[in-house]
Each structure stands twice: as structure tokens, then as C-alpha cells.
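Visitor: please find the sequence and the predicted model below.
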Amino acid sequence: MKIRLGVMFGGVSVEHEISIITAIQAMNSIDEAKYDIVPIYVAKDGTWYSGMMLKDMQIYRDMDLLKRYAKEVVLYKRDGRFILQSKRGLFRKDVAEIDMVFPIMHGTSGEDGNLQGYLETVGIPYCEADTYAAVVGQDKVFMKQIWQASGVPVVKYDWFFDTDYSKNPDRIIERLEKMGYPLIVKPARLGSSVGISVCKDVNELKDAIGEAINYDTKILVEEVVKNLTEVNISVLGNYQKQSLSVIEEVGSSHKLLTYEDKYVGGGKGKGPSKGMASARRIIPARISEKLAKEVNDIAVKAYRSLNATGVVRIDFLIDNKNNKVYANEINSIPGSLSFYLWNKTDKEYPELLDEIITLGVREYKNKNSKVHSFDTNILSNFSSGSIKGVKGIKK
Ligand SMILES: Nc1ncnc2c1ncn2[C@@H]1O[C@H](COP(=O)(O)OP(=O)(O)O)[C@@H](O)[C@H]1O
Ligand SMILES: [Mg+2]
């Protein structure tokens, strides 16, 4: 029997449009002999829609049309089955039944653990990172702290909360300046270079913090890697076994890769974006065999230390003068699911997708084989004593 796969995309995120592109690419490549695809589009206001027309890019050009033809749905569990039920109408009809969710959402709400936590609570199997891996993969501070503790090389960094800064900006500025300029300021939990700036002096640093605070309560500041070569690698697997893609080299070495560089590609107005697959990239990266081996080894360590599942992309910063390699970030649901990196290792996109789904099923079975609750009812022997609010309850 075919697996009915709910492909979820869109989401309340600055990467909403990128997610639509990644999901449509994926839905057109999933092996339909093995899987029945049920598109689930999450609009910018958080409403979920389903319907086959959501597999077509054109529909997203006209939200009124989309809302008219797609069904507004909710997901719930009934008698052990997972149902997408229509939210409107007198008789709330079942729109579709699904067996598993494939979240293809980038950034906040979809890649950051919130959706994963919701799916765990509903109890439905899903692909890619679980809640824990998704949370630490989205928070650049958590990520760096875990990597540092696991022996994964990261750049010098510091972080603070927005309110700590507003209470005593001078103290924080003084602390940050100890790292030395230039510095790079980032909102801890965003993506796509939004709110990120490089600064060369105290005025620029204050401006950069002011900008980043618009986006997040938690701010990360790092030293800037000089003589920069940026490379990425994709890892596929789980905590037991990992495979590695080729390494790509990205963008130019002297400027920040912006949202436009990454996604608009080739300049504005030159046709539809192709997502991360369109960013300027050189495959394989022009780095020595020794450095490539280092990137491979660090990638495996970085992947395992976050307990990732499925496909991820890990981005590296290399100082090409002293050949120092730093892990910069992990994307637990990468743009285009990094298929363009696997093509080069002879893994075609349908095969990559099939492996991601299989890993999701395995993860679900593995988790369910563990003990989650005990039969004994501790509460039955519990004496309320003097605990407030419990006192007085009699059997
Ligand atoms: N410490 C750093 N030194 C030099 N360049 C950096 C550093 N951190 C980030 N960058 C540049 O900024 C870009 C965006 O930063 P990144 O941490 O990847 O955030 P995002 O999640 O927005 O992609 C990187 O692709 C890289 O070009
Ligand atoms: Mg990045």
C-alpha cells in the first residue's frame, strides 16, 4: 500500500516563498508509484490549506483564487487515523487521510521545532529533524554552544538578550569589543541573512544591534572570518549512520551573501527564482583534499552532536590564509533539500526523497520502541498531605 504523504510547506516565516519553491520541486520528484502526495500549504497567517491544485506554482500568484479552491483544513487523530478535516461548512468533511508528514518549511514555525512538537503531540510520524534537533538547529546560540562542547570548531562569539542590552548597552558593547572588529551581528533564530550586518566600529556595532533587535530577543555577535571561503556540505542519515554529499563553494569571498544573492539569483525580474539551487555556486569546492577531509569529518561530528535526522546542509567558513575551518550553521530543512549536491554523487532527487521518508519511518519506529510510560499508577498511592490545591480530595 502506498504511504499517504502530507507535504507541508509555506509557513509563518521570512522564508515562506522559498519553502513553496522547495516543496513544489520535491512534490514533482517524489516517486508517485510509492507515495500519494497530499499537499498542505500553510499560508502567511498560519491557516492550513489542502488540495491538488497546491502542487502548481501558478496558484500562489493569486491568493484569492487559492482560498476559493483549496480547502481550509485541520489535522487531528481519529481512531488511530490522521485526518485532514475541512474547517468550514456545516458538515465538516474529511478532506484527506495521511500516514505521515513531510515538513518542507524553512525558518521560524516550520524548521525551528514548533511544528515538530505539534506533530509529536498529534502523534503522526514525520520526516527530517525531530523537535530537539530542530530547536537547536534554528537557534544559532544553542547550536554554537553544543558544537563547542562537542569539539566542533566555531568562531569566537558572544550573545545577549535585547533587554540586557537596553538596560546596560555600554557594558555589553565593552564585552563585544574585546573580540575585536570587524564583528558580525545576527538575530539568533532567523535565517536567509535577514537582520545580519558586519560592523567595523562602535557606531556600526550599535546600528547593527539596533537592526538585529527588530527581529529577535536573542542576539549573537561573532568575529568575522577573514580571507573567507564559504563551503557547504549536505549530510543524510541519522545518529547511527551518515552519508556525505560533495562540497560546494558559495558566493563571493568578500561580501555577505544576501537574501537577494541566495534566492533572487541572476538579478531582479529575470524570471522565477529557483531557491538555493540558483545561488552562485561552484561544485565541487576549490579546496585542498586535506581541507575537504576536515570538512567531511567536522560535518559528521556536527550532525551527530545535534542528533539530526534526514537531510541537512551544514555551512562552513574557511579562512583560506591559515586554512582554519569553522562550522557556521546547520539547516535542518535546507533550501531545495540540497538535491543539487546529491545529484553530483549520483543520487537522483527521487531517491534522495525516498531515503528521507524511509529515515522518518525508521525514526518513528525507533522512538516508539522505547518505554514512554509505566503501567503503575503512582497517583493512586499518592497522599495529598498538605499540598495546596490537592488537600481535601477524598477517594
Ligand atoms: N563569522 C562570519 N565571518 C564572515 N562571514 C560570515 C560570518 N558569519 C556569517 N557570515 C556571512 O553571512 C552569511 C549569513 O550568515 P549565516 O550565519 O549563514 O546566517 P543565515 O542563517 O541568515 O544564513 C553567511 O553565508 C556568510 O556569507
Ligand atoms: Mg546561512
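Guide: Noted; the coordinates are in hand. None of the values given here were measured: they were computed from a predicted structure. Residues are numbered from 1 along each chain as shown. Ligands and ions are numbered 1, 2, ... in the order given.
Visitor: residue contacts, L205?
Guide: Residues near L205 by C-beta atoms under 8 Å, 6 or more residues apart in numbering: 173, 176-177, 181, 183, 185, 199. The way it works is simple: take the backbone N, C-alpha and C, and place the C-beta from them, glycine included.
Visitor: rerun at 6 Å
Guide: Applying C-beta atoms under 6 Å, 6 or more residues apart in numbering, we find L205 in contact with C199.
Visitor: name the element it belongs to?
Guide: Under the criterion of DSSP states H and E, L205 resides in helix 202-213.
Visitor: and the next element down the chain from that helix?
Guide: Next in sequence after helix 202-213, counting helices and strands by DSSP H and E, comes strand 218-223.
Visitor: list the buried residues in the helix holding L205.
Guide: For helix 202-213, a neighbour-count test (16 or more other C-beta atoms under 10 Å) marks 204-205, 208-209, 211-213 as buried.
Visitor: so what pLDDT did the nearest residue to E348 once chain neighbours are set aside get?
Guide: For E348, ignoring the flanking residues on the chain, the nearest one in space by C-beta to C-beta, 6 or more residues apart in numbering is W342 at 7.9 Å. W342 is assigned 96 on the pLDDT scale.
Visitor: name the secondary structure element that contains W342.
Guide: helix 339-342.
Visitor: alongside ligand 1, which residues does the chain contribute?
Guide: 155, 184, 186, 191-193, 196, 222, 224-225, 228, 230, 256-257, 315, 317, 328-329 (C-beta under 6 Å from any ligand atom).
Visitor: apply the buried test to those and list what passes.
Guide: 155, 184, 186, 191-193, 196, 222, 224-225, 228, 230, 257, 315, 317, 328-329.
Visitor: distance of the residue minimising distance to the centre of the chain from V312?
Guide: Nearest to the mean C-alpha position of the chain, counting by C-alpha atoms, centre = their mean, stands E111 at 3.4 Å. Using C-beta to C-beta, to the nearest Å, E111 is found at 10 Å from V312.
Visitor: what is in contact with those two at once?
Guide: S332.
Visitor: tell me the helix or strand right after the helix or strand of the chain with the lowest mean pLDDT.
Guide: The least trusted helix or strand in the chain, going by mean pLDDT, DSSP states H and E, turns out to be helix 259, with a mean of 53. Counting by DSSP H and E, the next helix or strand C-terminal to helix 259 is strand 281-282.
Visitor: buried stuff in the helix or strand that comes right after that next one?
Guide: With elements assigned by DSSP H and E, the helix or strand that comes after strand 281-282 is helix 289-305. If you call a residue buried by 16+ other C-beta under 10 Å, then helix 289-305 has these buried ones: 291-292, 294-296, 298-305.
Visitor: so where's the stretch 51-200 of the chain uncertain?
Guide: 90, 191 (pLDDT under 70).
Visitor: and what about I30, helix, strand or coil?
Guide: Secondary structure for I30, judged by DSSP: H, G, I helix; E, B strand; the rest coil, is coil.
Visitor: quick one, phi/psi of it?
Guide: phi -70, psi 140 (degrees, to the nearest 10).
Visitor: list the contacts of it.
Guide: 37, 353.
Visitor: one more time with 8 Å
Guide: I30 neighbours (C-beta under 8 Å, 6+ apart): 5, 7, 37, 350, 353-354.
Visitor: the strands in the stretch 1-150 of the chain, which residues?
Guide: For the stretch 1-150 of the chain, the strands defined by DSSP state E, counting those that start in this stretch cover 3-10, 35-42, 48-50, 71-78, 81-86, 94-98, 100-104.
Visitor: and the first one with strand 35-42, angle?
Guide: For strand 3-10 and strand 35-42, the angle between their directions (axes from the mean of the first three to the mean of the last three C-alpha atoms, to 10 degrees) works out to 20 degrees.
Visitor: counting by contacts, list what strand 3-10 packs against.
Guide: helix 16-27, strand 35-42, strand 94-98, strand 100-104, helix 349-368 (3 or more C-beta pairs under 8 Å, 6 or more residues apart in numbering; DSSP states H and E).
Visitor: what is the burial count for the residue of the stretch 1-150 of the chain found nearest ligand 1?
Guide: Residue nearest to ligand 1 within the stretch 1-150 of the chain (C-beta to the nearest ligand atom): K140, separated by 6.4 Å. Per other C-beta atoms under 10 Å, the neighbour tally for K140 reads 26.
Visitor: quick one: the helix holding W342 to chain centroid distance?
Guide: Offset of helix 339-342 from its chain centre (C-alpha atoms, centre = their mean, to the nearest Å): 17 Å.
Visitor: point out where the stretch 201-350 of the chain drops to low pLDDT.
Guide: Ranges of the stretch 201-350 of the chain meeting pLDDT under 70: 252-279.
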